[in-house]
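> Need a 3D model of the sequence below.
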Amino acid sequence: MSDSPESVVRQFFAATHTSDVDELAGFFSADAVYTDGPRGTYSGIDAIRAALEAQVQVTPSLVVDMKTLVVDGTTVFAERVDSFEVQGKWFGLEVVGVFELDGDGKIKRFRDYYDLQSLMDQVTAAFSESA
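Numbers count the residues shown, from 1 in each chain. This next block holds a predicted model:
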């Protein structure tokens, strides 16, 4: 592995700013598994690419504020706040992601944990205020 697990995860989050699905998908192994909290699990690079594409369509302006990053071997825990714009309004979501990397420095498993209801409450409040 050329880059450390920490470096790979930091590079992945840096790439989220570009919304380049091919670049983001390039961080994953062909047989990777991505669990997007309460929204579902995606197995294999094609399913992960489709999930990333759908996310980029809805939230192309993602900003990641890393709070805590802990590494244990090839496992990386990343506590962060993901902020993104939807129809001119910004929202923040506290997230913990757990990454497992393979020997080639690719993400083989990625699990994001967050409270979807707190995000929905923010969205509902923001758009009811402007109504």
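> Show me which residues of the helix or strand of the chain with the lowest mean pLDDT are buried.
Ranked by mean pLDDT, DSSP states H and E, the helix or strand of the chain with the weakest confidence is helix 116-129, at a mean of 87. Buried residues in helix 116-129, counted by 16 or more other CB atoms under 10 Å: L119, Q122. The C-beta positions use only the backbone N, C-alpha and C, and glycine is treated the same way.
> what residues does stretch 32-41 touch?
Identification of contacts with stretch 32-41 by CB atoms under 8 Å, 6 or more residues apart in numbering yields 28, 42-45, 47-48, 51, 95, 106-114, 116.
> ok, of these, which come out buried?
Going by neighbour count (16+ other CB under 10 Å), these have 28, 42, 45, 48, 51, 95, 106-110, 112, 114 buried.
> Now, those that are in strands?
F28, Y42, V95, I107, K108, R109, F110, D112 (DSSP state E).
> Would you reformat those as CSV and include pLDDT?
Shown next, in CSV, are those (pLDDT from 0 to 100):
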residue, pLDDT
F28, 98
Y42, 98
V95, 96
I107, 98
K108, 98
R109, 98
F110, 98
D112, 97
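> Which two of the residues you listed have the greatest separation?
Using CB to CB, these span at most 19.5 Å, a distance reached by V95 and K108.
> separation between the closest residue to A15 other than its chain neighbours and A14?
Take A15 and drop its neighbours on the chain: the residue closest to it by CB to CB, 6 or more residues apart in numbering is E23, 5.0 Å away. For E23, the distance to A14 (CB to CB, to the nearest Å) stands at 10 Å.
> the more surrounded of the two?
For E23 versus A14, neighbours defined as other CB atoms under 10 Å are more numerous around E23 (15 against 11).
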